[in-house]
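[1] below is the sequence, then the predicted model.
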Amino acid sequence: MTEILVELMKEYGYIILFVWSILEGESGLVMAGLLSATGDMNLYLSIFIAGLGGFAGDQMYFYIGRYNKKYVHRKFKSQRRKFALAHLLLKKYGWPIIFAQRYMYGMRTVIPIAIGLTRYNAKTFAFINLLSAWCWGAITIVPVWYFGEEILELLKVAKEHWYVAVPFALIIGGSIYYYFHKTTKKDKK
């Protein structure tokens, strides 16, 4: 199964990367970094395409907010607190929040939709969003590319000693989930 995924990534890597980036996939960027390290993908083209995918995804969210306000208010009723937070962050910090939203857990889709709900200039959003997407691609892909050999060696060891790697991954993943669940939980008084 793993070999099939790797072959698909080698053959259709840029298309998969673009779609994965639209759907906010940092794991797709990690794969692109590893494939760039092995020479199966071009580093610069990977960053460019990942940025275009991230840009396209956020533009879609922005225009969903801009032209479907009733739908957004109805469909995202449970996310009202996040939309309020996004609106406050935009008022307080201005355009840098557009740049930083890509790195904010749980807010990546909410912030572009929330900005679309406001009267924020669409061209300004698109320009900042494009620069942010390319930086996001570079910040994620370049370190993976640079440490590619070490990461591949670590994956090889983890595959050989799966009985240690699986519990370790579950503990790390569970800790991250618990932390974010605890910090975003609504206080009940």
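    That came through, no problem. Numbering: from 1, shown residues only.
[2] quick one: the helices in the chain?
    Under the criterion DSSP state H, helices of the chain are mapped to 2-22, 26-38, 43-67, 69-75, 80-93, 96-100, 110-117, 122-146, 148-160, 162-183.
[3] which of these is buried the deepest?
    helix 110-117 (a mean of 24; mean count of other CB atoms under 10 Å). C-betas here are computed from N, CA, C, even on glycine.
[4] just want the angle from that helix to helix 122-146.
    170 degrees (axes from the mean of the first three to the mean of the last three CA atoms, to 10 degrees).
[5] who are the packing partners of helix 110-117?
    helix 43-67, helix 69-75, helix 80-93, helix 96-100, helix 122-146 (3 or more CB pairs under 8 Å, 6 or more residues apart in numbering; DSSP states H and E).
[6] follow-up on the earlier one: pipe the helices of the chain into CSV and attach mean pLDDT per row.
    Below are these laid out as CSV (pLDDT from 0 to 100):
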stretch, mean pLDDT
helix 2-22, 81
helix 26-38, 88
helix 43-67, 94
helix 69-75, 83
helix 80-93, 84
helix 96-100, 85
helix 110-117, 88
helix 122-146, 93
helix 148-160, 84
helix 162-183, 80
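[7] out of the helices and strands packed on helix 110-117, nearest to residue 180?
    helix 80-93 (12.8 Å; CB to CB).
[8] can you name every helix or strand that the closest one contacts?
    Using 3+ CB pairs under 8 Å, 6+ apart: helix 80-93 touches helix 96-100, helix 110-117.
[9] pull the residues that contact that helix.
    Under the criterion CB atoms under 8 Å, 6 or more residues apart in numbering, residues 76, 97-98, 100, 106-107, 110-111, 113-115, 117-118, 120, 186 lie in contact with helix 80-93.
[10] out of these, which comes closest to residue 167?
    Looking across the contacts of helix 80-93 and measuring by CB to CB, the closest to residue 167 is residue 106, at 26.5 Å.
[11] how many other residues sit next to that closest one?
    12 (other CB atoms under 10 Å).
[12] do I have it right that residue 72 meets residue 117?
    Yes. If you go by CB atoms under 8 Å, residue 72 and residue 117 touch, sitting 6.6 Å apart.
[13] name the residues contacting each of the two.
    In contact with both residue 72 and residue 117: residue 65, using CB under 8 Å, 6+ apart.
[14] which one of the helices and strands packed on helix 110-117 lies closest to residue 11?
    helix 43-67 (14.8 Å).
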